[in-house]
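Visitor: Make a model of this:
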Amino acid sequence: MRTWKLFAVPVLAAAFFSNTSPAPAQISVNIGVAPVCPYGYYDFAPYNCAPYGYYGPEWFTGGVFIGAGPWFHGHHDFYGHVDNHFDPNHGYHGAFPNRGEHADAHLMQHHAENFHGGDFRDGRGHEGRPR
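Guide: Residues are numbered from 1 along each chain as shown. You can find the predicted model right below:
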């Protein structure tokens, strides 16, 4: 009887693991809601808030940022101006607004006249020129 007990556990374990069929792979990516940033957020992870002056006026509709990265809401061929002086990947080390902070209405009112960017981005993380 003792010999039977020694073999029963490994046999049952082998039977259990051999009968399991592989489940089909399921991939679920939940990016959550877009960051709430007063002047938009960068189009690359970790999607930190961009400072005033990074995005040109064409990135805003009625004062609301059209999005970037996974939350981009512009048309497929969209390219907008950015000022890479405010990009941390290009050496910017200045102040950043906090998530949930409100935009300065006076700055946004004069945004088009004060913007000085010359580079283009497509909202999906690509630099370049409009096609």
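
Visitor: Name the spans of the protein whose pLDDT lies under the cut-off.
Guide: Under the criterion pLDDT under 70, the flagged ranges of the chain are 1-30, 130-131.

Visitor: Could you rerun that using 50?
Guide: For the chain, applying pLDDT under 50 flags no range at all.

Visitor: Could you pull out the helices in it for me?
Guide: Secondary structure of the chain, counting by DSSP state H: helices at 2-18, 105-109, 111-114.

Visitor: Now Gly56. Nearest residue, chain neighbours left out?
Guide: Counting by Cβ to Cβ, 6 or more residues apart in numbering, Gly56 lies nearest to His81, which is 3.3 Å off, once chain neighbours are set aside. C-betas here are computed from N, CA, C, even on glycine.

Visitor: repeat for Gly118
Guide: His81 (6.9 Å).

Visitor: ok, now how distant is Arg124 from Gly80?
Guide: Separation of Arg124 from Gly80 (Cβ to Cβ, to the nearest Å) stands at 11 Å.

Visitor: For this protein, which segments are assigned as strands?
Guide: For the chain, applying DSSP state E gives strands covering 60-61, 64-65, 80-82, 119-121.

Visitor: okay, those strands, which one's buried deepest?
Guide: strand 80-82 (a mean of 21; mean count of other Cβ atoms under 10 Å).

Visitor: My guess is the residue nearest to Gly56 contacts Phe115. True?
Guide: Yes. Counting by Cβ atoms under 8 Å, His81 sits close enough to Phe115 to count as a contact (6.9 Å).
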